[in-house]
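Colleague: I'll drop the sequence and a predicted model, then ask my questions.
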Amino acid sequence: MKVLITGITGMIGSALATYLRAQGHDVFGLARASASARHSVSASDQLHFCDILERQALQSVFRDVSPDLAIHMAAQAFNGISWETPHTTMTTNIVGTMNFLECCREFCPNAKVLIACSSAEYGLVPPTQSPIKEERLLTPVSPYGVSKVATECLGYQYFANYGLQVYLPRLFIHVGPGHPPATAIQNFARQLVMVKKGLRPPEIRVGRLDTARDFVDVRDGVRAIMQLVDRGNPGEPYNICTGKAHTTRWVLETLIDISKVNVTVTQDPTLLRPSDEPLLVGDPTKIRTLGWCPNYTLEKTLADIFADWVSRVT
């Protein structure tokens, strides 16, 4: 099977490429040249440098590859950054997805298509209404969340109107080694490694610590994504989640324990967002009915993330 992955140099895209290569599939990747150094890409991957906003260049890639499975991971993928760059977030995520779907419709109309959706689409959900089921009304409260609602709606539109086999995983917070320090977990681990190596004073700067999230190890997440493609129904959203939530404070304290350093924790006002969901925990019943369950504990994932930063910080 020929698989084309947009955003192949991102954390989830690269993990998918690794998983699919191991399954014997031909992997083709698409990335912006500026993002190519964030992750190593196997020499066996046929990598195309292209911005998803450049429609003609994207058409050329699809014409050359003609994939059997097209996976759309390319996006402005960080909730926090979306507050600073709402226009870029909307343009990249909405127009880029439309360009991707138009190429699928034109060059591989019989292929399976998967679009990365997000738990940020749910917005503010009272704890009494958690864990969140897929049927819940979408009320996003961040520019990123709004862009992902539009992304999912585009996917459904192309499924309903043009018959594309579009799969819609709502990805809860995926974490794992190799991510840039744009998220709280990666930023905590990086700071702690810098303290451990004597590269910064023993102080960790943080945002809110009382929020709680459903964290998924990316290695589990890619298995869930492929289980959805193999056994799920196109046009339906599926939560990719564990059903368990951990507070940001617990994550930080666990990473501090792993690091074995003594630090002072200081709240940094620049890391606070105008709005932040206090709790996001999903109901994984639908994806579990397809035969998926997670293999990694969050403690194991955090230990791997810390070890990864030890190797990256010099």
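Modeller: On my side now, so go ahead. Numbers count the residues shown, from 1 in each chain.
Colleague: now the helices for the stretch 51-200 of the chain?
Modeller: 55-65, 79-84, 86-90, 96-107, 143-162, 184-196 (DSSP state H, counting those that start in this stretch).
Colleague: which other helices and strands contact the longest one?
Modeller: Packing partners of helix 143-162 (3 or more Cβ pairs under 8 Å, 6 or more residues apart in numbering; DSSP states H and E): helix 79-84, helix 86-90, helix 96-107, strand 112-115, strand 117-118, strand 165-171. All C-beta spots, glycine's among them, are computed from the backbone N, C-alpha and C.
Colleague: pLDDT averaged over stretch 156-169 - what is it?
Modeller: The pLDDT scores in stretch 156-169 average 98.
Colleague: for the lowest-mean-pLDDT helix or strand in the chain, which positions count as buried?
Modeller: The weakest-scoring helix or strand in the chain, judged by mean pLDDT, DSSP states H and E, is helix 79-84 (a mean of 88). Using 16 or more other Cβ atoms under 10 Å as the burial criterion, the residues of helix 79-84 that qualify are 79-82.
Colleague: now distance to residue 122 too, for those, in a markdown table please.
Modeller: Below are the buried residues of helix 79-84 laid out as a markdown table (distance: Cβ to Cβ, whole Å):
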| residue | distance to residue 122 |
| --- | --- |
| 79 | 12 |
| 80 | 17 |
| 81 | 19 |
| 82 | 16 |
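Colleague: nearest to residue 32, of those?
Modeller: Closest approach between the buried residues of helix 79-84 and residue 32, by Cβ to Cβ: residue 81, at 15.5 Å.
Colleague: what sits against that closest one?
Modeller: 89, 144, 182 (Cβ atoms under 8 Å, 6 or more residues apart in numbering).
Colleague: tell me how far the first one lies from residue 250.
Modeller: With the distance defined as Cβ to Cβ, to the nearest Å, residue 89 ends up 29 Å from residue 250.
Colleague: just the element for residue 294, please.
Modeller: Following DSSP states H and E, there is no helix or strand that holds residue 294.
Colleague: okay but it is in contact with residue 220, surely?
Modeller: Yes: between residue 294 and residue 220 there is a contact at 4.2 Å, judged by Cβ atoms under 8 Å.
Colleague: give the buried residues for the helix or strand containing residue 15.
Modeller: In the assignment (DSSP H and E), residue 15 maps to helix 11-22. Judged by neighbour count (16+ other Cβ under 10 Å), helix 11-22 contains these buried residues: 11-20.
Colleague: and if you look at stretch 125-142?
Modeller: Those would be 125, 130-132, 134, 136, 138, 140-142, for stretch 125-142 by 16+ other Cβ under 10 Å.
Colleague: nearest to residue 278, of the helices and strands packed on helix 143-162?
Modeller: Each of those has some distance to residue 278 by Cβ to Cβ; the shortest is helix 79-84, at 14.0 Å.
Colleague: could you export the buried residues of stretch 125-142 as CSV, including pLDDT and distance to residue 164?
Modeller: Listed next are these as CSV, based on pLDDT from 0 to 100; distance: Cβ to Cβ, whole Å:
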residue, pLDDT, distance to residue 164
125, 92, 30
130, 94, 32
131, 97, 30
132, 97, 26
134, 98, 20
136, 96, 25
138, 97, 21
140, 95, 24
141, 93, 30
142, 94, 28
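Colleague: return the most buried member of the helices and strands packed on helix 143-162.
Modeller: Sort the helices and strands packed on helix 143-162 by mean neighbour count, taking mean count of other Cβ atoms under 10 Å, and strand 117-118 sits at the top with a mean of 26.
Colleague: which residues touch that one?
Modeller: Here strand 117-118 has contacts from 144-145, 148, 151-152, 155, 168-171, 237, using Cβ under 8 Å, 6+ apart.
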